[in-house]
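Engineer: What shape does this take:
(one chain, ligands or ions: 2)
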Amino acid sequence: MAMKYISTRGNAPELTFEDVLLTGLASDGGLYVPKEVPQFTKEEIASWRDLSYAELAHKVIYPFVEGSVDSDSLKKMIDEVYSGFGHKAVAPVQQIDHNEYVLELFHGPTLAFKDFALQMLGRLLDYVLERRHEKVVIMGATSGDTGSAAIEGTKACKNVDIFILHPHGKVSEVQRRQMTTVEGDNIHNIAIEGNFDQAQDMVKASFGDQAFLRGERKLVAVNSINWARIMSQIVYYFYSALNLGAPERPVAYSVPTGNFGDIFAGYMAKKMGLPVEQLIIATNSNDVLHRFMSQNQYEVRPLKHTITPSMDIAVSSNFERLLFDLYDRDGAALADLMAKMNAKEDIVSLDESKLAKARELFDSYAVNEDVTIETMQEVYNETGYLLDPHTAIGVKAARACRRNPRIPMITLGTAHPVKFEEAVQRAGFDMPALPHHLADLMDRDERVSVLPAELDKVQAFIAENTFK
Ligand SMILES: Cc1ncc(COP(=O)(O)O)c(C=O)c1O
Ligand SMILES: N[C@@H](CCOP(=O)(O)O)C(=O)O
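Structural biologist: Ligands and ions are numbered 1, 2, ... in the order given. The predicted structure follows:
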C-alpha cells in the first residue's frame, strides 16, 4: 500500500513519498510525517538479527517509500550507498564500558551521521527526477555537517543545483573545506554573515515563497525537515539494537542533539516496534530543549558559538514532529502552539500532562565546553578511544541520566574527531590523520561566496546562479 504523508499543522494536502521528497516544508508551514507509522512485530524484528546493514535498511525503509519507489530499485540504491562506507559493518558498535556503547556513524564519505541519509537522498532524487524530467534547486542550511554530506550525496545528480548556507567563520576548517573544495558548476557555497538559525530561517522562508525561482524550478530540502532524511536515520537504531540483543532485550540511547532529527528517528524506531526504553536529549550550551524538558519553559535565547559547532542551533525544527504526537496529532492545536513558539517573544509552557507523556521516554541534559573536554579526556584515559566533542556530550549525558544500568546504553557517535581540531587540541590530543580520500583536503582550492544574512540577497544569488 502506498504510504501517505500529512502535515503537522493539518492544513496542507496529503502527499505520496515522491512528493514529500520534493516538497520540503508543507504549504501550511508544517512538517510532513507518515499518516500511519509502519509497525513491526517482535517476531519480525527478531528474524532480522543476522541481516547485513543494507538488508536491514531495505526492511525498514521500504514501507516509507512504497508506491513511489519499487523494491528492486530501492535495493539497488541501498546496496550502492552502504557499500561505499569505510567500515564493512557500516555502523559498528564500540564498547566503552560495561553495557555502555558508542554507535559509530562516521564511516561515510564526509565522516558524520548525515551521510547515512544524504547519500540515499541523492539517489532518490536522481530516480524521481529522471522519471519526471524535472530539474530542482536544493537549498540547505548547515552548522557544519549537513552541508558537506548534502554536497557529496547530490554532486553527481544531473538535475540538481545545490546551494548550501553556512554561518561564516563558525564551522570548523575541515567542515568548511569539505564543502568548499568540491568541484562542480552545480555546487554553490554561501557563507552568510550570521548564525545557523538565520540560515535555517532563510531556507524555511524560501520554501514558503518560491517566486525567486520564477515558477521554473522546485525547491528541495536536504535538511531534516525533509522526511527522507529521518527515514534513513531510523535504520541504525534497529541495527545497533539488534546487535545488542533486541528485541528480547530493551535498549537506551543518548543522542547529541541540535535540530532534533536524529533523536526523532530513534523515537520513530520505538513507534515501529523497537524496545527503546529511554532516549536522552544531549545538548551543548544551546540548551533550549533541555530547559524545556526539565522546566516546561520554552524560551529561545541568543545562539552561543561553541566547540561543538554542529549543535549550535537555537530552534530545533523536528521538535514539532514530536509535539504533533504529544498533541494527539491535532494539526490545528499544533499550528496555534507553533505560532506562539516561533514568535520567540514569550516563554511557552505545555499542559503538564503532555510533557509528562514525553518524559516517560525522554530525558535531557546540557553539557558545557569544559565538561565536554573533560569527557573526551575521561573516555580516552579509560579506553584509549578518542571521541569527537559532539559524541562526548552524548556520553556525558548518558552517564548522568541513565535510568537502568542493566539496559545497554548506546550513545550515537555522530562525527569523527578529525573534523574538530579546536576541541581535540583543547583536550590535549594530537589530531588524528584525515582518511585517505581526504588526505589533501587542506591543499585543495576553495570556492565560497560571502553574503549578508539577508533573504533577498541570498535568493537573488540563487536565482542568478541557477538561471545563468
Ligand atoms: C556531529 C553532529 N552531532 C549532532 C548533531 C545534531 O543532530 P540533530 O540536528 O539531528 O539533532 C549534528 C547536526 O545535526 C551533528 O552534525
Ligand atoms: N547540525 C546540522 C544542522 C542541520 O541539521 P539537519 O539535520 O536538519 O540538516 C549540520 O551539521 O549542518
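Engineer: which bits of the stretch 51-200 of the chain sit near ligand 2?
Structural biologist: Applying C-beta under 6 Å from any ligand atom, we find that the stretch 51-200 of the chain lies next to ligand 2 at Thr142, Ser143, Gly144, Asp145, Thr146, Gly147. Yep, even glycine has a C-beta here, placed from its N, CA and C like the rest.
Engineer: Same list, these, but only the ones touching ligand 1.
Structural biologist: Gly144, Asp145.
Engineer: Please identify the one among the residues of the stretch 51-200 of the chain next to ligand 2 that lies nearest to Thr181.
Structural biologist: Gly147 (12.1 Å; C-beta to C-beta).
Engineer: Now do that closest one against Glu14, distance only.
Structural biologist: With distances defined as C-beta to C-beta, to the nearest Å, the gap from Gly147 to Glu14 amounts to 31 Å.
Engineer: So between the two, which is more surrounded?
Structural biologist: For Gly147 and Glu14, the more surrounded residue by other C-beta atoms under 10 Å is Gly147, and the numbers stand at 30 against 12.
Engineer: Low-confidence bits of the stretch 201-350 of the chain, can you list those?
Structural biologist: Low-confidence segments of the stretch 201-350 of the chain (pLDDT under 70): none present.
Engineer: for it, what spans make up the helices?
Structural biologist: Taking DSSP state H, counting those that start in this stretch, the helices of the stretch 201-350 of the chain run over residues 227-243, 261-271, 288-295, 319-326, 331-343.
Engineer: Let me have these in TSV, extended by distance to Asp70.
Structural biologist: As requested, those are exported to TSV (distance: least, C-beta to C-beta, whole Å):
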stretch	distance to Asp70
helix 227-243	16
helix 261-271	23
helix 288-295	38
helix 319-326	27
helix 331-343	31
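Engineer: Pipe those helices into TSV and attach distance to ligand 1 and mean neighbour count per row.
Structural biologist: Formatted as TSV, the entries for the helices of the stretch 201-350 of the chain read as follows, by distance: least, C-beta to the nearest ligand atom, whole Å; neighbours: other C-beta atoms under 10 Å:
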stretch	distance to ligand 1	mean neighbour count
helix 227-243	8	25
helix 261-271	3	24
helix 288-295	9	19
helix 319-326	9	21
helix 331-343	17	16
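Engineer: Which of the ones you listed sits closest to ligand 2?
Structural biologist: Distances from ligand 2 to each of those were compared using C-beta to the nearest ligand atom; the minimum, 4.3 Å, belongs to helix 261-271.
Engineer: Where does Phe163 sit: helix, strand or coil?
Structural biologist: Assigned with DSSP: H, G, I helix; E, B strand; the rest coil, Phe163 falls in the strand class.
Engineer: Any idea what it is bridged to?
Structural biologist: Taking DSSP bridges, one obtains Met139, His188 as the residues bridged to Phe163.
Engineer: Likewise for Phe362?
Structural biologist: Bridge pairing for Phe362 (DSSP bridges) gives the partners Leu279.
Engineer: Would you mind confirming that Pro309 makes contact with Val174?
Structural biologist: No - contact status for Pro309 versus Val174: not in contact, 11.0 Å apart, counting by C-beta atoms under 8 Å.
Engineer: Give me the more crowded residue out of these two.
Structural biologist: In this view Pro309 and Val174 are compared by other C-beta under 10 Å, and Pro309 has more residues nearby, 27 against 22.
Engineer: Report pLDDT for the residue nearest to the more buried one when sequence neighbours are not counted.
Structural biologist: Leaving aside its chain neighbours, Pro309 sits nearest to Gly144 (5.0 Å; criterion: C-beta to C-beta, 6 or more residues apart in numbering). Each residue has a pLDDT score; the one for Gly144 is 94.
Engineer: Give the buried residues for the lengthiest helix in the chain.
Structural biologist: When secondary structure is assigned using DSSP state H, the longest helix within the chain turns out to be helix 114-132. By neighbour count on 16 or more other C-beta atoms under 10 Å, the buried set for helix 114-132 is 114-129.
Engineer: How far does that helix sit from its chain's centre?
Structural biologist: Helix 114-132 has its C-alpha centroid displaced from the chain centroid by 16 Å (C-alpha atoms, centre = their mean, to the nearest Å).
Engineer: now do stretch 113-120
Structural biologist: In terms of C-alpha atoms, centre = their mean, the centre of stretch 113-120 is found 9 Å from the chain centre.
Engineer: just stretch 84-101 next, same as before
Structural biologist: That offset, for stretch 84-101, works out to 19 Å (C-alpha atoms, centre = their mean).
Engineer: cool, stretch 432-446 as well?
Structural biologist: Here stretch 432-446 is found 24 Å from its chain centre; the criterion is C-alpha atoms, centre = their mean.
Engineer: And the contacts of it?
Structural biologist: By C-beta atoms under 8 Å, 6 or more residues apart in numbering, the list of residues contacting stretch 432-446 from outside reads 86, 109, 111, 173-174, 176-178, 180-181, 386, 416-418, 424.
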